[in-house]
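Engineer: This is a predicted model, with the sequence first.
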Amino acid sequence: LRKYASFPRLRPVRPQCRVIGKACVNGSSEMVANVAMSLVGMLYNLQLLAYVGEDGVAAYGVIMYTGMVFGAIFMGYAMGSSPLMSFQYGARNHREMRSLLLRSLGLIAAGSVAMFAAGQLLAEPLSRIFVGYDAALLALTVHAYRVYALCFLLMGFSIYGSAFFTSLGNGLVSALISFLRTLVFEVGAVILLAAHVVTFEQAVGHVDFNTLGVLLGMMMFVSVVKLSGVFEYLAVACARLAKGDPWRIMLLLVLLTALLSAFLDNVTTVLLVGPMTLTLCRLLEVGPVPFFLAEIMASNIGGTATLIGDPPNIMIGSAAGLSFADFLAYDAPAVAVILAAVLGAFYLLYGRKMAVSPEARAAVMALEPASYVKDRRLLAVSAVMTALVVAGFMFHAALGLESCVIALGAAGLILLVSRQSIEHALTEVEWTT
């Protein structure tokens, strides 16, 4: 109909198998996820029929249908952020990639907590829509829904992790994450239940929620407290108290590290004290290695003194019913003796040989601890809150409260009073721990 118009012509093409294969591998995580969901669904239904009967299958169906809404939120964010990550990866803009990754992890962490809370609150209303006609089935579904809601705390990270590696063109790792998340772990759990190796109640009982709550709460608490600059203030104050003497500085930093580790995570304590230690060593013109070695040992030793100093302490305390005061009564004296022996060894190995110039001492004495305080209001709030937390842990058994209630309550309260971002606090949590 147009001048110079030409008809389309079909020509043979040469298939680019390598490109097609790479595209298939990169998208294999979605295939694995869908196949696994079908397989796991069938296995769950078979086991639920054997354990609970038709009511179990009905409850599982309700949870799956409504749970897809929660999962779709994580999936939508993962799919929406993947093109941004792919673009930055192609542009080799690693700073923007790191920024996007940290922000995404913070948003997912906040969303995970919100989803878990929503799952607990909406379990009954959502279940009533589908099975409100049967009181027994409704009670079963609500109970199962609230147990299932625990997976919302981890679901977002696994979905985003898979999408993250897909956006980097690493389909194998992405598929492996999906394979483990949707097939291996779930099928393994079903097999354990089917073989009567462990009951559901026993499986859930092996999860120490008190330990998880204490770790999460205290890490969030510290993430806010450290914004005040209190840890830098304490390190510089120790240096001035020691009059610039390197051995005395090591002694006071070791004691400070041990004291902080009794209430904080060991790694967090070393990361907080370590930078100021390096700064002081540079001013003194001495090697930092002996200082770091002593602080690392003090962190591990001091962490054993209290109920919340180390994750194993929390687990032991939960299992044996030991309180914060019990750990102080039995562990603290032994910790004091061990720490004294370690300090004696470090004095013989390093302390006697440490010598610095008068100029180096003067440089340390010129430091002003107050200049390292970043937020005086937050510092005052942190001091009061820390005292309340210690008192709470001391008397939690008498109050009839689990230690996780004290930790999570302290984290929530300091976030509320200090008006700090919950996203920042959740980003600072060491999720690998």
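Structural biologist: On my side now, so go ahead.
Engineer: Please make it C-alpha for all contacts and neighbour counts, starting now.
Structural biologist: Noted.
Engineer: Quick check: end-to-end length of stretch 49-57?
Structural biologist: One end of stretch 49-57 sits 7 Å from the other (CA to CA, to the nearest Å).
Engineer: Tell me which stretches of the stretch 201-350 of the chain form strands.
Structural biologist: Taking DSSP state E, counting those that start in this stretch as the test, none of the stretch 201-350 of the chain falls into strands.
Engineer: secondary structure element for A362?
Structural biologist: Here A362 sits within helix 358-365, counting by DSSP states H and E.
Engineer: ok, R95 to F263 distance?
Structural biologist: 34 Å.
Engineer: Kindly apply the preceding question to G169 instead.
Structural biologist: Going from G169 to F263 by CA to CA gives 42 Å.
Engineer: Looking at these two, which is more packed in?
Structural biologist: Set G169 next to F263 and count neighbours by other CA atoms under 10 Å: F263 wins out with 24 against 18.
Engineer: just for the stretch 201-350 of the chain, where's the confidence low?
Structural biologist: Across the stretch 201-350 of the chain, the ranges flagged by pLDDT under 70 are 201-207.
Engineer: Quick one: residues in contact with stretch 290-300.
Structural biologist: With CA atoms under 8 Å, 6 or more residues apart in numbering as the test, stretch 290-300 has contacts from 250, 253-255, 257-258, 260-261, 266, 269-270, 274, 277, 339, 342-343, 346, 350.
Engineer: follow-up on the earlier one: helices and strands around the helix holding A362, which ones?
Structural biologist: Helix 358-365 sits against helix 230-241, helix 266-284, with contacts defined as 3 or more CA pairs under 8 Å, 6 or more residues apart in numbering; DSSP states H and E.
Engineer: With respect to Y51, which of those lies nearest?
Structural biologist: Distance to Y51, taken as CA to CA, is lowest for helix 266-284 among the helices and strands packed on helix 358-365, at 43.9 Å.
Engineer: Show me what that closest one is packed up against.
Structural biologist: Packing partners of helix 266-284 (3+ CA pairs under 8 Å, 6+ apart): helix 230-241, helix 246-261, helix 289-303, helix 358-365.
Engineer: for the record, mean pLDDT for stretch 148-157?
Structural biologist: Throughout stretch 148-157, pLDDT has a mean value of 82.
Engineer: Return, as residue ranges, the portions of the stretch 1-150 of the chain with sub-threshold pLDDT.
Structural biologist: Within the stretch 1-150 of the chain, the stretches with pLDDT under 70 are 1-9, 22-34, 36-37.
Engineer: Tell me which stretches of it form helices.
Structural biologist: Taking DSSP state H, counting those that start in this stretch as the criterion, the stretch 1-150 of the chain carries its helices at 17-26, 28-51, 54-90, 94-131, 135-148.
Engineer: from the chain's centre, how far out does the longest one sit?
Structural biologist: Okay, so that is helix 94-131. 15 Å (CA atoms, centre = their mean, to the nearest Å).
Engineer: From N210, how far out is the nearest residue to L215 once chain neighbours are set aside?
Structural biologist: Counting by CA to CA, 6 or more residues apart in numbering, L215 lies nearest to P311, which is 7.4 Å off, once chain neighbours are set aside. Separation of P311 from N210 (CA to CA): 10 Å.
Engineer: Check the gap between P125 and V142 for me.
Structural biologist: 9 Å.
Engineer: quick one: which of the two has more around it?
Structural biologist: Shown here are P125 and V142; by other CA under 10 Å, V142 has more neighbours (24 against 12).
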